[in-house]
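Trainee: just need the structure, nothing else, for what follows:
(one chain, ligands or ions: 2)
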Amino acid sequence: MTDTLDDLDVEGTTVGVRIDVNSPIGDDGMLADDARLRAHVDTLSELIERGGRVAVLAHQGRPGGDEFVSLESHAERLSKLLDHPIDYVDATFSHAAREAVTALENGDCVVLENTRFYSEEYMEFEPERAAQTHLVTGLAPVLDAYVNDAFAAAHRSQPSLVGFPTVLPGYAGRVMESELDTLGSIEETPEPRVYVLGGAKVSDSIDVAWSVLEKGLADHVLTAGVVGNVFLIADGVDLGDASSDFIYDQGYWDEIDRAADLLDAYGERVALPRDVAVERDGQRHEIGVNALPPQDAEAAMDIGSSTLSYYQRLLEDAGTVILNGPAGVFEDEAFEKGTRRLYNAATDVEMSIVGGGDTASALRQLGVEGFSHVSTGGGAALRMLTAEPLPAVTALENGPTQQQPADD
Ligand SMILES: Nc1ncnc2c1ncn2[C@@H]1O[C@H](COP(=O)(O)OP(=O)(O)OP(=O)(O)O)[C@@H](O)[C@H]1O
Ligand SMILES: O=C(O)[C@H](O)COP(=O)(O)O
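Mentor: Ligands and ions are numbered 1, 2, ... in the order given. As a prediction, the model looks like this:
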């Protein structure tokens, strides 16, 4: 068990708070969606109201990517959401950052710069080694405590996630606490348990499928999206050139063999699409799997109506459903039907848990509501739902194992 904000004497304490605000960024380089910021409002406002001196740490994007930008616009938006002035400093652990942190008064909050602007933060370390990185040795001396609210990044063992709790008393923030409460007891959720794996992260989804089938956590795994297409090819279906080329271009060709091995081992518990939707003459056109490949080799962009009926039947008997990844290219109106219907059907299951960045945005776009839990995490939620430990949570649970570095 980790300590929470209930265990922290906040007033006058300088707290480093790791949040996950990794968000879509517009062409102007500014924040385009604030859902992930909203999730942390409770934790931050509680720390501010209780008189903490709050230094916020977070990452945005990946080095070299279009979304690898400063946290300045995040700080501005947080200030509006919290209705409280929030400072921003374009430094993370340098002299300027330390000065900004030591200048905080009770109830003040400053957002430090994108942790990944610093190269060690994009590497994975054992916690003891992470505690020796420049970020942690530079910033920890001016902090009294560390709060981790970044559940969505908790599957990474990066310095800001595992280094600080190795040298400072660590606490779970309110988002982390609620995610761990809900997702930490997957073995106790009602059975039968159905995992719906859609979206485009094929290797992650196959890892999850192996894990939950091997551990007996899943009674059924339903495949959809690009994941479903890979399983169809693994099952010997000719999906046509467009879908095959897409899978090849995404670097997922080798996953077909892994999917085939999984079908050999657990085929009776893995459900494959029975039909797919393609675009023909500018319209949605559904084709049964037996009639594939499509006559003009069009790409399979969604699951079709018979698949939906089949999956809905499997969901009717489920006690718990865990979903990650859209069933099709929901961004295109012609191909949102699979995601909308499948996710709507899932809301009728006694316990319904959804994870994933694009999945959450698909649900908002399609107006699908009523899940038991919508996780802030994609990869982190999936890892937790395979009953695997998350490095950042383990580091919090273990508590400090090294002395806090001294300020010099
Ligand atoms: N049949 C398909 N062909 C091409 N793209 C698809 C298909 N089905 C779904 N997609 C795409 O998959 C993308 C989302 O997949 P992804 O696995 O990233 O989901 P996610 O919810 O963001 O999960 P995570 O948070 O783990 O990244 C969407 O952009 C959607 O258009
Ligand atoms: O968006 C996420 O899933 C988290 O912020 C982790 O980001 P990453 O996959 O770039 O490490």
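
Trainee: residue 407 - how many residues pack around it?
Mentor: Applying other C-beta atoms under 10 Å, we find 10 residues neighbouring residue 407. (Each C-beta comes from the backbone N, C-alpha and C, glycine too.)

Trainee: and for residue 356?
Mentor: Residues near residue 356, counting by other C-beta under 10 Å, number 25.

Trainee: who's in contact with the residue nearest to it when sequence neighbours are not counted?
Mentor: With C-beta to C-beta, 6 or more residues apart in numbering as the criterion, residue 356 has its nearest non-adjacent residue at 4.1 Å, and that residue is residue 378. If you count contacts by C-beta atoms under 8 Å, 6 or more residues apart in numbering, residue 378 has them with 152, 201, 324, 355, 356, 357, 358, 359.

Trainee: now do the residue lying closest to residue 16 once chain neighbours are set aside against ligand 1, distance only.
Mentor: Excluding the flanking residues, the one nearest residue 16 by C-beta to C-beta, 6+ apart is residue 143, at 4.4 Å. Noted for residue 143: a distance of 30 Å to ligand 1, by C-beta to the nearest ligand atom, to the nearest Å.

Trainee: just checking, residue 143 touches residue 15?
Mentor: Yes: here residue 143 lies in contact with residue 15, judged by C-beta atoms under 8 Å, at a distance of 6.9 Å.

Trainee: in what helix or strand does residue 176 lie?
Mentor: Assigned by DSSP states H and E, residue 176 belongs to helix 174-183.

Trainee: on that earlier part again, scan the contacts of residue 378 and report the most crowded one.
Mentor: Neighbour counts for the contacts of residue 378 peak at residue 324, which has 28 neighbours (criterion: other C-beta under 10 Å).

Trainee: I'd say that residue and residue 382 touch.
Mentor: Yes: in this structure residue 324 lies within contact range of residue 382 using C-beta under 8 Å: 5.6 Å.

Trainee: any common contacting residues for those two?
Mentor: 205, 208, 355.

Trainee: quick check: the gap between residue 143 and residue 362.
Mentor: Shown here: residue 143 relative to residue 362, a distance of 38 Å by C-beta to C-beta, to the nearest Å.

Trainee: apologies, that question was intended for residue 383.
Mentor: 21 Å.

Trainee: could you say what helices and strands the helix or strand of the chain with the lowest mean pLDDT packs with?
Mentor: Within the chain, confidence by mean pLDDT, DSSP states H and E is lowest for helix 357-366 among all helices and strands, at a mean of 84. Helices and strands touching helix 357-366, as assessed by 3 or more C-beta pairs under 8 Å, 6 or more residues apart in numbering; DSSP states H and E, comprise helix 35-39, helix 337-346.

Trainee: mind saving the C-alpha coords of it as PDB?
Mentor: Presented in PDB, the C-alpha positions along helix 357-366 are these (Å, rounded to 0.1, in the frame of the first residue of the first chain):
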ATOM      1  CA  GLY A 357      -5.900   8.300 -24.800                       C
ATOM      2  CA  ASP A 358      -7.500   7.900 -28.200                       C
ATOM      3  CA  THR A 359     -10.200   5.700 -26.700                       C
ATOM      4  CA  ALA A 360     -11.200   8.400 -24.200                       C
ATOM      5  CA  SER A 361     -11.300  11.000 -27.000                       C
ATOM      6  CA  ALA A 362     -13.300   8.600 -29.200                       C
ATOM      7  CA  LEU A 363     -15.800   8.200 -26.400                       C
ATOM      8  CA  ARG A 364     -16.100  12.000 -25.900                       C
ATOM      9  CA  GLN A 365     -16.500  12.600 -29.600                       C
ATOM     10  CA  LEU A 366     -19.200   9.900 -29.900                       C
END
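
Trainee: with ligand 1 in mind, check whether stretch 342-360 reaches it.
Mentor: Yes: applying C-beta under 6 Å from any ligand atom, one finds stretch 342-360 touching ligand 1 at 356, 357, 358, 359.

Trainee: between the residues you listed, which sits nearest ligand 2?
Mentor: Nearest to ligand 2 among these is residue 357, at 5.5 Å by C-beta to the nearest ligand atom.

Trainee: and the residue nearest to that closest one when sequence neighbours are not counted, how far from residue 336?
Mentor: Nearest non-adjacent residue to residue 357, counting by C-beta to C-beta, 6+ apart: residue 378, 5.1 Å away. To residue 336, residue 378 is 19 Å away according to C-beta to C-beta.

Trainee: again with residue 115
Mentor: In terms of C-beta to C-beta, residue 115 sits 35 Å off from residue 336.

Trainee: more neighbours, those two?
Mentor: residue 115 (24 against 20).

Trainee: I'd say the more buried one and residue 133 touch.
Mentor: No: proximity of residue 115 to residue 133 does not meet the contact threshold set by C-beta under 8 Å, at 10.6 Å.

Trainee: what is in contact with the two at once?
Mentor: Common contacts of residue 115 and residue 133, defined by C-beta under 8 Å, 6+ apart, comprise 121, 159.

Trainee: wait, residue 90 touches residue 69, no?
Mentor: No: using C-beta under 8 Å, residue 90 is not in contact with residue 69; the gap is 11.8 Å.

Trainee: out of the two, which sits in the more crowded spot?
Mentor: Neighbour count, other C-beta under 10 Å: between residue 90 and residue 69, residue 69 has more, with 20 against 15.

Trainee: without its sequence neighbours, what residue ends up closest to the more buried one?
Mentor: Leaving aside its chain neighbours, residue 69 sits nearest to residue 29 (5.1 Å; criterion: C-beta to C-beta, 6+ apart).

Trainee: and the one you found, which of the three is it?
Mentor: Assigned with DSSP: H, G, I helix; E, B strand; the rest coil, residue 29 falls in the coil class.

Trainee: hmm, it is touching residue 67, no?
Mentor: No: counting by C-beta under 8 Å, residue 29 stays clear of residue 67, with 9.1 Å between them.

Trainee: what residues are shared contacts of those two?
Mentor: Joint contacts of residue 29 and residue 67 (C-beta under 8 Å, 6+ apart) do not exist.
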